[in-house]
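Novice: Please work out how this folds:
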Amino acid sequence: MPSDPCSPAEPAAPVGGRPGPQTVWRAAVLPVAAGALCALAQPPLHLLPLLFLAFGLLFRRLEAIDRLRPAFAAGWLFGIGYFSAGLYWLGLPVVIDVPGDLTRDLLLVAGLAGFPLAAIAAGALGVRLTGRRWAGATAGVAFTLAVWIALSLAVLPGRFTWMIPFNVFGLGAVLAATTAVATGIAWRAAPGGIRRVLALAAAWAALEWVRGTILTGFPWNLAAAVWSEFPGAAQSLAWWGPFGLSLITVVLATLPAALIGRSARTRPAAAWSGGLAAVSVAVLAAGFFTMPASVEAVPGVRLRIVQGAVAQSLKWRPAARRPILLRYAALTRSEGFDGITHVVWPETALPYRLQTRHAVVGVSGDIRKLLRAAIPQGGVLITGANRDEGPDTWNSIHVIDPAGRPVGTYDKHHLVPFGEYVPARAFLSRIGVAKIAHGRRDYAFGPGPRSIPVPGAPDASPLICYEAIFPAEAVGRSRPGWLLNLTNDAWFGNSAGPHQHLAAARLRTIEQGLPMVRAANTGISAVVDPYGRVTKLLPLGARGVLDADLPKARPPTLYARYGDLVFLLLLLAVAALARFAPGRSR
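Specialist: Numbers count the residues shown, from 1 in each chain. Just a heads-up that it's a prediction; the model follows:
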């Protein structure tokens, strides 16, 4: 039992077995609310004080618990709040086929606000009727989910409207398993105090690595991403990558909470807290003093990034193919085109195919003339476009010369589950699960990360869409001169999603010491230098062009040479250090 009177153990349920309001608040509401607050520290808001508040509340909750099971529950509920609030925008793609902005907005309000409120009410009723906290709450939520699915299939418009709770809250609950394991490890491995701070930070970072790896991985909104808007504070990414910076971030955010209570304010605890805080702040501050004021440009390269802002509802309509190509060609040839050497269009910007068995979408005749007119004389056009061969279709990037011939091609290898392919299709297709993206067939997987030659410029490492969020897959075996990220974030509208996507991509530049050129259909298109600083940008929703130089790459960073091995060494060092840190008796 905790000896600190300011950190009482978990109160027992009232007589009769029914949990009281204070117990429910401590056990369920507080961790979920803390997780949601933590999400507000992520892009685009970057409310960093809330990071300290959220991890402080989570830490104090762990200090008040005297059993392992509630420790797992606290982490799981925190994760549900964190991931559901941070990834709310994943509800948008499933209503993209619904006509009318007002109708889509009402469906989103129903799914993102109405459903959780109804689920909470039903869960509370289930607890009251059964007198069992988890069984009653689960029964209430399951009933609400069944009603939502029935209404969606029978009444509400849209093929995928029923998926809103699954995309947001269901995914949040699955991802929250990692935060549950992290808090369980922290509670079990360390008896409170500074030792638990180090255990929680190490477990959190390790489970972020797991989250980015298993089941195809989803390393989105890592703790390290809160520093994306402050590149000076993120320069340690070049040493130990995003998971190492996440560890440092959680240590710093949790430390103040470890000093609450009389028994925590001992000389050893104060000394350890001061030392850890000093080291963490030094790591974050070092970059501000080591970054150069500017980066030289690659000679002979002048980029034009084109942001066509094509609505997702129009993108795959046959009648829109030619108007889309005309829009991109006109933007490309706008004022200043004569000085351009490399034109960059976004993911699947070209609505035709350079390699296809379908003549109707092939590039020939006047379509080829339009395409060639958008290619600089002596330069190249880099564009996203589908290609097919036999029964397979790939989401690809082509480097096209002035004659309209592809001189380099890259096929996306890290496909979006349920977006570009359906996992376990043989089973899931029988119950009506289909992929959300255009076309009935799954996309084929490309061979993996690799560099492609770009005439007149250094080799590039292509990253299509969310391939840019995977630290270990940013480059292949040969080191390129720059990162090329083509994406279509029109799926996510004017939400936090595109901002978070850009933030994750910026982390890759610091890790690898490589600049990035990013072309996004509806934004955010940008040029980022190898220190994570945005040098040029087209805002979300804008239509236009961005002309810029290509920054030079840095020498290979420690992370570029050794990957996550440095993080592993940091993790072991922190685990060893925790053995000597002051804790508290249970």
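
Novice: Need the distance between the two termini of stretch 287-307.
Specialist: For stretch 287-307, the first-to-last residue distance is 32 Å (Cα to Cα, to the nearest Å).

Novice: Would you pull up how far it lies from the middle of the chain?
Specialist: 25 Å (Cα atoms, centre = their mean, to the nearest Å).

Novice: Next: stretch 232-241.
Specialist: What separates the centre of stretch 232-241 from the centre of its chain is 18 Å, taken as Cα atoms, centre = their mean.

Novice: Next: stretch 347-359.
Specialist: Mean-position distance between stretch 347-359 and its chain equals 28 Å (Cα atoms, centre = their mean).

Novice: average pLDDT across that stretch?
Specialist: The pLDDT scores in stretch 347-359 average 83.

Novice: Renumber starting at 23 from here on
Specialist: I'll keep to 23 as the first residue from here, and by that count the last item is stretch 369-381.

Novice: Counting neighbours, which bits of it end up buried?
Specialist: Buried positions in stretch 369-381, judged by neighbour count with 16 or more other Cβ atoms under 10 Å: 369, 370, 371, 372, 373, 374, 375, 376, 377, 378. Quick note: C-beta positions are derived from backbone N, CA and C, even for glycine.

Novice: can you check stretch 137-146 too?
Specialist: Going by neighbour count (16+ other Cβ under 10 Å), the buried part of stretch 137-146 is 137, 138, 140, 141, 142, 144, 145.

Novice: Find the nearest non-adjacent residue to the second one, please.
Specialist: Meaning residue 138. Among residues not flanking residue 138 along the chain, residue 191 sits closest, at 6.6 Å (Cβ to Cβ, 6 or more residues apart in numbering).

Novice: okay, now the one you found: neighbour count?
Specialist: Residue 191 has 24 neighbouring residues, counting by other Cβ atoms under 10 Å.

Novice: mind listing what the spatially most central residue of the chain touches?
Specialist: Nearest to the geometric centre of the chain sits residue 242, at 2.5 Å (Cα atoms, centre = their mean). With contact set as Cβ atoms under 8 Å, 6 or more residues apart in numbering, residue 242 has these partners: 108, 109, 488, 491, 522, 526.

Novice: Quick check: the second one touching residue 192?
Specialist: No. Taking Cβ atoms under 8 Å as the definition, residue 109 is not a contact partner of residue 192, at 10.8 Å.

Novice: Mind checking which of these two has more residues around it?
Specialist: A count of neighbours by other Cβ under 10 Å puts residue 109 above the other of residue 109 and residue 192, at 23 against 15.

Novice: ok, that one to residue 191 distance?
Specialist: To residue 191, residue 109 is 10 Å away according to Cβ to Cβ, to the nearest Å.

Novice: Kindly report the same for residue 534.
Specialist: Distance, residue 534 to residue 191, by Cβ to Cβ: 35 Å.

Novice: Repeat that for residue 279.
Specialist: Taking Cβ to Cβ as the measure, residue 279 falls 27 Å from residue 191.

Novice: just residue 152 next, same as before
Specialist: Per Cβ to Cβ, residue 152 is found 22 Å from residue 191.

Novice: Also residue 268?
Specialist: Applying Cβ to Cβ, the value for residue 268 to residue 191 is 24 Å.

Novice: and residue 69, how many neighbours?
Specialist: Residue 69 has 14 neighbouring residues, counting by other Cβ under 10 Å.

Novice: With residue 314 instead?
Specialist: Residue 314 is flanked by 9 other residues according to other Cβ under 10 Å.

Novice: show me the contacts for it.
Specialist: Here residue 314 is in contact with residue 553 (criterion: Cβ under 8 Å, 6+ apart).

Novice: mind checking how far it is from residue 574?
Specialist: 11 Å.

Novice: Spit out the residues that contact those two alike.
Specialist: With Cβ under 8 Å, 6+ apart, residue 314 and residue 574 have no common neighbours.

Novice: host element of the nearest residue to residue 209 once chain neighbours are set aside?
Specialist: The spatially closest residue to residue 209, leaving aside those adjacent along the chain, is residue 93, at 3.6 Å (Cβ to Cβ, 6+ apart). Assigned by DSSP states H and E, residue 93 belongs to helix 90-108.

Novice: quick one: buried residues of that helix?
Specialist: For helix 90-108, burial by neighbour count (16+ other Cβ under 10 Å) applies to 92-108.

Novice: Using CSV, list the CA coordinates for it.
Specialist: Extracted in CSV, the C-alpha atoms of helix 90-108 (Å, rounded to 0.1, in the frame of the first residue of the first chain):
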residue,chain,number,x,y,z
LEU,A,90,-1.9,-4.8,-11.5
ARG,A,91,-5.3,-5.2,-13.3
PRO,A,92,-6.4,-1.6,-12.6
ALA,A,93,-3.0,-0.4,-13.8
PHE,A,94,-3.6,-2.1,-17.2
ALA,A,95,-7.1,-0.6,-17.2
ALA,A,96,-5.8,2.9,-16.5
GLY,A,97,-3.4,2.7,-19.5
TRP,A,98,-6.0,1.2,-21.8
LEU,A,99,-8.6,3.9,-21.0
PHE,A,100,-5.9,6.6,-21.3
GLY,A,101,-5.0,5.2,-24.7
ILE,A,102,-8.6,5.1,-25.8
GLY,A,103,-8.9,8.8,-25.0
TYR,A,104,-5.6,9.6,-26.6
PHE,A,105,-6.0,7.7,-29.9
SER,A,106,-9.7,8.5,-30.4
ALA,A,107,-9.3,12.2,-29.9
GLY,A,108,-6.1,12.3,-31.9
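
Novice: For the very next helix or strand once past that helix, which outside residues touch it?
Specialist: Per DSSP H and E, the first helix or strand lying C-terminal to helix 90-108 is helix 123-131. The contact list for helix 123-131, computed with Cβ under 8 Å, 6+ apart, reads 113, 114, 117, 118, 120, 178, 179, 180, 183, 186.

Novice: can you count the residues close to the fourth one?
Specialist: The criterion is other Cβ under 10 Å. On that basis, residue 118 has 20 neighbouring residues.
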